[in-house]
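Visitor: Quick one: sequence plus predicted model below, questions after.
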Amino acid sequence: MKYTTEFRNSEMAQALLNRIRERSRKKVRLMEFCGGHTVAIFRYGIRQLLPRNIEMISGPGCPVCVTATADIDKAIALAQIKGVIITTFGDMLKVPGSRSTLQKARAAGADVRMVYSTLDALQIARENPAKSVVFLGIGFETTAPTVAASILEAREQGIKNYFVLSQNKLSPPAIQALLLSGAVKLDGLICPGHVSAITGSRAWDFIARDYKIPCVVAGFEPLDILQCVAMLVEQVESGQSQTEIAYRRGVSIDGNRNALDLMAQVYEPAPAKWRGFGEITGSGLKIRKKYSDFDAEMKFEIKTVPAAEPKGCLCGEVLRGVKTPRDCRLFGKVCNPESPVGPCMVSSEGTCSAYFLYGDESGR
Amino acid sequence: MEDKILLAHGSGGKLAHDLIASHFVSALDNEILTRLDDAAVFSASGRLAFTTDSYVVNPIFFPGGNIGRLAVCGTVNDLATSGAKPLYLSLALIIEEGFALKDLRKIIEAIKATADEAGVKIITGDTKVVNRGGADKIFINTAGIGVIPAGVNISGSNAQPGDKIIVTGTIGDHGIAVLSRREGLGFETKLESDVAPLGKMVAAMLKVSRNIHVLRDPTRGGLASTLNEIAGQSKVGIKIEETKIPLKAEVSGACEMLGLDPLYVANEGKMIVIVAPPDAENVLNAIRQNVYGKNAAVIGEVVSVNPGRVIMKTALGSSRIVDMLVGEPLPRIC
């Protein structure tokens, strides 16, 4: 298939690995921000192919995982309001809130529907004029523009029963929070590919500049990731720190102007709660007053009780990269994809799920 | 007004009788069924295989097939996994009140055509109609009986180290074709389900080899889950190579988009064949001569290390564990 098979070529992978082995001397710790990268790294066994002096750790880039328990509770509470249809991406269904999940709410009679895009949610709103259709806005810069576009379309078409619970988040502030906390020391950052397609690689410049950490944007195929690691190693070994792109077919320096404009039109930056991090300034996207007719927080009175975090779950630490799933006592025992305790085991992009599903032969 | 199924169609009264006579018996005509006794009577000798399965697919019409074709193929293929020649099927339908009669006709036509193709007869059946909301459109159950040829001994616990593992064609076609028509998930694809009866393919394999140890149809849970079941039952390790697994570009593309792994996507017209090494080539050739086996390939082998585990050599040359499917695979969000 075009743009996938050619990026899984074994000979080219070997060539890149040789380049990494020859150049890499220092002990380095690289973090992949994005859950999509985590899955690809595990699925292709990339950790076991890299020399031992390169340590890879997974970051907070799984949108479902970083959604705070209180926000999940909010979605579940919304689902229980009469006349509300919740539309959501599939990953959210099983994420445990304090007491329940959307899936359980659905089993108990709530109308919760899985959609693949906001366009489908809008369609459901058109087909159910007597109901209120709420879309759960989850995700980073990759999904935020499409949610913004759906609000603009709803306004243009006069759809008055469509609402968004905005829980979309911005990625760079999370990395900054992580670095400021000092909890984990990084020698290089594998920057998210899809997010950067929107933001441009420019979004990471401040990390290379202010924190002296090499940043390379990567795609999601194995060769993309190996290419990225090779470029990071090169920067580390030559004592540089700059932003580079190892995913030129998808990402530019400036990003997608249209998408960025859409976001700026509909949203304003706001503080947001992240699982494992607490509140991060300027990391959330609040719907602007001009579009408050479509803001579920404004439309509904959502009643929740204080959130309760699952006992013993290390998702927060795993998301910050300070612990790995194998450090967690629940991992693989009480917590597995069948009955997940924390969100990192639920999402297909969660670190715990990747460890569980794709653990390698040697258990490394 | 369009003709619909009414509660009375399942009542046992005149309407029910007419429905059965006009829609089932005439379409599925054979000498055992037309006697219309409460029990079908037939003779068979030798070792028999017996299986049952219920079909609740959503949507009921999908690219490449419908619930009727699926209900015949699923049971025929389950029989075939024992090496049996499938002979007779029962057919039970649970229909939701208000179901369109023309859809029922289409489903029965598919059942008839597929049964003919597979060389099986529907010899007994039942129809129930439930209140609107009591079932989702139509559910079908079929049970099947087949005869196992002498000297054939096939079981999920018979895999032996050294055996070759063959898959009879591209994986994931059915799951992706069905998913492409789900509400809220619809996407454009020309892909069709692989739903097909494989009894004749299995008979052709058995003609060239009596050293087939395991046959399994990797339906729900996909190739990965089925191989794990075999590894567990036979207490052996299984090694497969990613690059050897037949996969359509459309399936691979849709999986990339939806965040699914094709190894876990359902098939309805594929077999996993585990065979002693000397016979592997002959069996592979026999499969490839069948209309549903053109893309068959050897994808790996049975090993003695890591019993109960399935290990895959990735396209990059690393290896990783391939586990059972856990939970329902959900599309990812970014």
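Guide: Noted; the coordinates are in hand.
Visitor: C-alpha from now on. contacts and neighbour counts both.
Guide: Will do.
Visitor: so where's chain B shaky on pLDDT?
Guide: For chain B, applying pLDDT under 70 flags the ranges B:1-2, B:183-186, B:327-334.
Visitor: and if we set it to 80?
Guide: Scanning chain B for pLDDT under 80 picks out B:1-2, B:10-12, B:182-189, B:257-259, B:326-334.
Visitor: can you pull out the helices in it?
Guide: In chain B, the segments counted as helices under DSSP state H are B:14-19, B:26-28, B:67-80, B:101-118, B:173-179, B:199-208, B:222-234, B:249-258, B:280-288.
Visitor: Of all the ones you listed, which one comes closest to residue A:96?
Guide: Of all those, helix B:249-258 sits nearest to residue A:96, with 22.1 Å by C-alpha to C-alpha.
Visitor: how about the closest one: buried residues?
Guide: For helix B:249-258, the neighbour count (16 or more other C-alpha atoms under 10 Å in any protein chain shown) marks B:250-255, B:258 as buried.
Visitor: Buried residues, stretch A:177-187. List them.
Guide: Residues of stretch A:177-187 classed as buried by neighbour count (16+ other C-alpha under 10 Å): A:177-179, A:185-187.
Visitor: Make CSV out of the helices of chain B and add distance to residue A:16.
Guide: Shown next, in CSV, are these (distance: least, C-alpha to C-alpha, whole Å):
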stretch, distance to residue A:16
helix B:14-19, 68
helix B:26-28, 62
helix B:67-80, 45
helix B:101-118, 51
helix B:173-179, 34
helix B:199-208, 44
helix B:222-234, 30
helix B:249-258, 24
helix B:280-288, 36
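Visitor: neighbouring contacts of stretch A:128-144?
Guide: Residues from elsewhere that reach stretch A:128-144 (C-alpha atoms under 8 Å, 6 or more residues apart in numbering or on different chains): A:63-64, A:67, A:75, A:83-89, A:118, A:121, A:124-125, A:147, A:161-171, A:194-195, A:197-199, A:263, A:296, B:333-334.
Visitor: Would you mind checking those for buried ones?
Guide: Looks like the contacts of stretch A:128-144 have A:63-64, A:67, A:75, A:84-89, A:118, A:121, A:124-125, A:147, A:161-171, A:194-195, A:197-199, A:263, A:296, B:333-334 buried, using 16+ other C-alpha under 10 Å.
Visitor: Look up how far chain B lies from residue A:71.
Guide: 17 Å (C-alpha to the nearest C-alpha, to the nearest Å).
Visitor: what's the closest non-adjacent residue to that residue?
Guide: Leaving aside its sequence neighbours, residue A:71 sits nearest to residue A:167 (C-alpha to C-alpha, 6 or more residues apart in numbering or on different chains; 7.6 Å).
Visitor: if we can go back for a sec, name the nearest of the buried residues of stretch A:177-187 relative to residue A:243.
Guide: residue A:187 (13.2 Å).
Visitor: List the residues that contact the closest one.
Guide: A:28-30, A:213-214, A:236.
Visitor: ok, 7 Å please
Guide: A:28-30, A:213-214 (C-alpha atoms under 7 Å, 6 or more residues apart in numbering or on different chains).
Visitor: Output these as a markdown table; include the columns distance to residue B:100.
Guide: Below are the contacts of residue A:187 laid out as a markdown table (distance: C-alpha to C-alpha, whole Å):
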| residue | distance to residue B:100 |
| --- | --- |
| A:28 | 65 |
| A:29 | 62 |
| A:30 | 59 |
| A:213 | 64 |
| A:214 | 63 |
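Visitor: Most neighbours of all the residues you listed, which one?
Guide: residue A:214 (29 neighbours; other C-alpha atoms under 10 Å in any protein chain shown).
Visitor: if we can go back for a sec, most packed of the helices of chain B?
Guide: helix B:67-80 (a mean of 28; mean count of other C-alpha atoms under 10 Å in any protein chain shown).
Visitor: picking that back up, among the buried ones among the contacts of stretch A:128-144, which are located in helices?
Guide: Assignment to helices by DSSP H places the following of the buried ones among the contacts of stretch A:128-144 there: A:63-64, A:75, A:118, A:121, A:124-125, A:147, A:171, A:194-195, A:197-199, A:263, A:296.
Visitor: Going by distance to residue B:62, which of the residues you listed wins?
Guide: residue A:124 (21.5 Å).
Visitor: quick one: the strands in the stretch 1-150 of chain B?
Guide: B:47-55, B:61-62, B:65-66, B:85-96, B:121-130, B:138-148 (DSSP state E, counting those that start in this stretch).
Visitor: Could you dump the ones you listed into CSV with distance to residue B:76 and mean neighbour count added?
Guide: Formatted as CSV, those follow (distance: least, C-alpha to C-alpha, whole Å; neighbours: other C-alpha atoms under 10 Å in any protein chain shown):
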stretch, distance to residue B:76, mean neighbour count
strand B:47-55, 9, 16
strand B:61-62, 20, 18
strand B:65-66, 16, 20
strand B:85-96, 6, 22
strand B:121-130, 11, 21
strand B:138-148, 7, 23
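Visitor: Of these, which is nearest chain A?
Guide: strand B:61-62 (18.8 Å; C-alpha to the nearest C-alpha).
Visitor: That closest one: partners in the sheet, and parallel or antiparallel?
Guide: Applying DSSP bridges, strand B:61-62 is found paired with strand B:65-66 (antiparallel).
Visitor: could you measure the residue in the stretch 101-250 of chain A positioned nearest to chain B against residue A:136, distance?
Guide: Of the residues in the stretch 101-250 of chain A, the one nearest chain B is residue A:115, at a distance of 4.4 Å by C-alpha to the nearest C-alpha. Using C-alpha to C-alpha, to the nearest Å, residue A:115 is found at 10 Å from residue A:136.
Visitor: And for residue A:353?
Guide: On the measure of C-alpha to C-alpha, residue A:353 and residue A:136 end up 22 Å apart.
Visitor: Flag every residue of chain A that's near chain B.
Guide: In this structure, chain A approaches chain B at residues A:1, A:8-10, A:13, A:44-45, A:49, A:89-91, A:114-116, A:120, A:142-143, A:337-338, A:348, A:357-361, judged by C-alpha under 7 Å from any C-alpha of the partner chain.
Visitor: Kindly write the ChimeraX command that selects the buried subset of those.
Guide: Buried subset of the residues of chain A next to chain B, written as a ChimeraX selection, criterion 16+ other C-alpha under 10 Å:
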select /A:8,9,10,13,44,45,49,89,90,91,114,115,116,120,142,143,337,348,357,358,359,360,361
